[in-house]
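1. Let's see this in three dimensions:
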Amino acid sequence: MPPATSDNPFTGVQTLKVGPERDGQRIDNALAAMLKGVPRAAIYRLLRTGQVRVNAKRAKPDTRLATGDLLRIPPVRTAQREGSGAPPAALVQQLAASVIFEDRDFLAIDKPAGIASHGGSGVSFGAVELLRAARPSAHLELAHRLDRDTSGVLLFARTRTGLTGVQALIRAGEVKKQYLCLLTGKLERAKFDVNAPLRKSVLSGGERMVRVDDAGKPALTFFREIERYRDASLVEATLDTGRTHQIRVHAAHAGHPIAGDPKYGAREANKRFREIGLKRLFLHAGRLQFDLGGRAYSFSTPLPEELRSVLDALQLGRLFFRE
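-> Reported below is the predicted structural model:
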């Protein structure tokens with residue numbers, strides 16, 4: 001399957017046979033690699049409107065390709081580029097400085113909150129676009145995703161072998177993902193699990209919402225209290241599955257929404273946390289680990305200072321909730 005470049009655009013409808021190099025790859029990532037010069041937003045628009053098909057069926061962004069699939073790509077030109085220009089130099093430098101590990105197959109960063117994993121849906125530049133701008137000669141693909149408001153370990157693959165290997169482990173549940181979050185309210189137990197199916201929907205304005213629904217996909221999260229404060233606890237959340245907004249929705253479902261969560265959180269509690277300086281979702285991807293190719297990988301990052309300062313304030317007893 002030849003890549004599309006500015007010198008080789010898809011100027012007419014093309015049907016291509018998927019080769020082994022893209023076996024198991026998400027179609028949105030495959031198209032981003034093939035359609036050089038076309039922004040992610042345009043790619044998602046093609047998928048959303050049903051113009052991209054796999055084996056004559058409409059494809060969704062998370063559709064995974066398989067060797068031998070017939071991929072239909074509509075006419076696409078780099079002129080579709082949405083005048084976003086080059087990414088801001090300051091952001092490129094920030095992402096370049098956030099690298100915590102790299103070898104032949106992988107690169108890991110400590111993603112700051114406020115930066116999406118990738119562009120699209122109103123976001124011009126995500127972490128992957130910024131890193132590609134910082135390293136224009138490098139091949140980088142997202143191995144997984146973090147919500148825009150979540151900080152912490154974000155992994156990129158530098159080789160096709162690394163990408164397919166770690167994604168197979170993720171699908172098999174063999175990648176350990178641990179997060180730190182601040183849950184509101186008094187926990188009845190130091191350890192508890194939430195096993196509740198989740199269903200994703202998109203509102204009319206394009207906003208994604210997830211809710212517990214028996215018709216949804218299975219989802220399981222393990223919570224363990226690390227430190228207790230008055231009406232709040234620092235908790236380690238370990239994912240058994242990796243659904244959209246899983247920890248946030250499961251925490252709220254358990255009656256202890258994450259502090260600073262504007263979508264699933266408690267309004268009054270969030271207001272009081274803002275008074276001591278919490279200006280973001282208190283959710284941090286602290287650890288990611290897996291074994292691949294006979295090697296054990298483990299990446300970890302500490303809580304960023306803006307979250308640590310909130311814990312310091314709680315430790316000093318500066319947050320008092322009404323009884």
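
2. in stretch 285-303, what counts as buried?
-> Residues of stretch 285-303 classed as buried by neighbour count (16 or more other Cβ atoms under 10 Å): Ala285, Gly286, Arg287, Leu288, Phe290, Leu292, Tyr297, Phe299, Ser300, Thr301, Leu303. For every residue, glycine as well, the C-beta is placed using N, CA and C.

3. again, but for stretch 196-209
-> By neighbour count on 16+ other Cβ under 10 Å, the buried set for stretch 196-209 is Ala196, Pro197, Leu198, Arg199.

4. Ala138: which of these is nearest?
-> Nearest to Ala138 among these: Leu198, at 34.5 Å, using Cβ to Cβ.

5. returning to that earlier point: among the buried residues of stretch 196-209, which are located in strands?
-> Under the assignment DSSP state E, these contribute Leu198, Arg199 to strands.

6. Reformat the buried residues of stretch 196-209 as a markdown table; add pLDDT and distance to Gly68.
-> Output for the buried residues of stretch 196-209, formatted as a markdown table (pLDDT from 0 to 100; distance: Cβ to Cβ, whole Å):
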| residue | pLDDT | distance to Gly68 |
| --- | --- | --- |
| Ala196 | 97 | 37 |
| Pro197 | 97 | 32 |
| Leu198 | 96 | 32 |
| Arg199 | 94 | 31 |
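
7. what two of the buried residues of stretch 285-303 are the furthest from one another?
-> Farthest apart among the buried residues of stretch 285-303 by Cβ to Cβ are Leu292 and Leu303. That separation is 27.1 Å.

8. And for the residue lying closest to Asn195 once chain neighbours are set aside, the neighbour number?
-> Leaving aside its sequence neighbours, Asn195 sits nearest to Leu220 (Cβ to Cβ, 6 or more residues apart in numbering; 4.8 Å). Counted with other Cβ atoms under 10 Å, the neighbours of Leu220 add up to 17.

9. all helices for the protein, in order.
-> Under the criterion DSSP state H, helices of the chain are mapped to 27-34, 40-48, 89-96, 127-134, 160-171, 246-253, 267-275, 305-315.

10. Just the CA coordinates for the last one, please, in PDB.
-> Written as PDB, here are the backbone C-alpha positions of helix 305-315 (Å, rounded to 0.1, in the frame of the first residue of the first chain):
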ATOM      1  CA  GLU A 305       3.500  20.600  40.700                       C
ATOM      2  CA  GLU A 306       0.000  22.100  40.200                       C
ATOM      3  CA  LEU A 307      -1.500  18.900  41.600                       C
ATOM      4  CA  ARG A 308       1.100  18.400  44.300                       C
ATOM      5  CA  SER A 309       0.300  21.900  45.600                       C
ATOM      6  CA  VAL A 310      -3.300  21.000  46.000                       C
ATOM      7  CA  LEU A 311      -2.400  18.000  48.200                       C
ATOM      8  CA  ASP A 312      -0.100  20.300  50.200                       C
ATOM      9  CA  ALA A 313      -3.100  22.600  50.800                       C
ATOM     10  CA  LEU A 314      -5.200  19.600  51.900                       C
ATOM     11  CA  GLN A 315      -2.500  18.400  54.200                       C
END
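
11. So which bits of that helix are buried?
-> Those would be Leu307, Val310, Leu311, Ala313, Leu314, for helix 305-315 by 16+ other Cβ under 10 Å.

12. do the same with the first one
-> Going by neighbour count (16+ other Cβ under 10 Å), the buried part of helix 27-34 is Ile27, Asp28, Asn29, Ala30, Leu31, Ala32, Met34.
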